[in-house]
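**Q** With the input below, show me the fold.
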Amino acid sequence: MACEIAPDYFDPLAVDQEQARDVARWRKAERARLLADRQALSVSQRRAAADMIAARVDTLLAERFPNIDGLTLSAWWPIKAELNLRPWLESLLARGANVTLPVVTAPSAPLAFRLWTPDCRMVQGFWKIPVPADGPEVVPDLTLAPLVGWDPAGFRLGYGGGYFDRTLAVLSPRPMTIGIGLQSARLATIFPQPHDIALDVILTEAGVQYEQKDA
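**A** Presented below is the predicted three-dimensional model:
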């Protein structure tokens, strides 16, 4: 180890445990605040935001994928006042795309993705979230990730379980990642830690807020 050879060696990837605890406490408080703010929005406000975002994702897909026929995309089943994109997902299916939903197969394990259609059999999964009951597991070409919060550097504040980052770290090939959230959920920074993985794009009802140059 470098620190044994040179005691004054500084590892820039090392984690300061006290700082990590401070960040975790801060994230917990911000997560609660942002979830309360989102819950306070009316159903019509959330529906309008979802409709605007769906149109903006369509524009982004048209720029990146000349033909979405056969494209496999992962989304989410809305919980905790999340934006409901299911009507738009159904339109993707009608255009020939494949839609998947994430499935927790074991605590703290990377997510799996199962194909979804409006008439597929659903069961109650982890956190009581409905998931496809069966069917093949696939690797999506594109993942949409719901954002509790986000920052201008492309980092996502989620629910704190680490499932999304853990999944991105092992998927091969790694899919394009688009974070979907509200403009009001913008944070100056989430204080990214070594395990945090920046998204390729962050998109809100106001448009694209972040995009990796090589994404």
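**Q** Surely Val131 forms part of a helix?
**A** No: using DSSP: H, G, I helix; E, B strand; the rest coil, the assignment for Val131 is strand, not a helix.
**Q** Do I have it right that Leu89 meets Ala75?
**A** Yes: proximity of Leu89 to Ala75 meets the contact threshold set by Cβ atoms under 8 Å, at 5.6 Å. Yep, even glycine has a C-beta here, placed from its N, CA and C like the rest.
**Q** what sits in contact with each of the two?
**A** Val99 (Cβ atoms under 8 Å, 6 or more residues apart in numbering).
**Q** What are the boundaries of the strands in the protein?
**A** 72-74, 98-103, 112-116, 122-124, 130-132, 142-146, 149-150, 156-157, 176-180, 201-204, 207-211 (DSSP state E).
**Q** Just say which of those is most tucked in.
**A** strand 149-150 (a mean of 26; mean count of other Cβ atoms under 10 Å).
**Q** Tell me the spacing between Ala94 and Pro118.
**A** 11 Å (Cβ to Cβ, to the nearest Å).
**Q** quick one: which of these two has more around it?
**A** The neighbour count for Ala94 versus Pro118, taken as other Cβ atoms under 10 Å, is higher for Pro118 (11 against 8).
**Q** What count of nearby residues applies to the nearest residue to that one once chain neighbours are set aside?
**A** Using Cβ to Cβ, 6 or more residues apart in numbering and skipping the chain neighbours, the partner closest in space to Pro118 is Glu90 (5.9 Å). If you count neighbours by other Cβ under 10 Å, Glu90 ends up with 13.
**Q** Leaving out the residues flanking it, which one is nearest to Gly162?
**A** According to Cβ to Cβ, 6+ apart, the nearest residue to Gly162 is His195 (6.9 Å).
**Q** And the one you found, how far from Leu171?
**A** For His195 relative to Leu171 (Cβ to Cβ), the value is 15 Å.
**Q** same thing with Ile202?
**A** Distance from Ile202 to Leu171, by Cβ to Cβ: 19 Å.
**Q** related to what we said a few turns ago, pretty sure the residue nearest to Pro118 contacts Asp119?
**A** No: using Cβ under 8 Å, Glu90 makes no contact with Asp119, being 10.5 Å away.
**Q** Now do the helices in the chain.
**A** Listed in chain order, the helices of the chain (DSSP state H) span 2-5, 17-40, 43-64, 86-94, 163-168.
**Q** So for Ala112, which of the ones you listed sits nearest?
**A** helix 163-168 (8.7 Å; Cβ to Cβ).
**Q** partners of the most centrally placed residue in the chain in the sheet?
**A** For the chain, Ala145 is the residue whose C-alpha lies nearest the centre (Cα atoms, centre = their mean; 1.9 Å). Ala145 forms beta bridges with Gly179, as assigned by DSSP bridges.
**Q** what's the nearest residue to Arg121 if we skip its chain neighbours?
**A** Using Cβ to Cβ, 6+ apart, the nearest residue to Arg121 is Ala133, at 4.3 Å.
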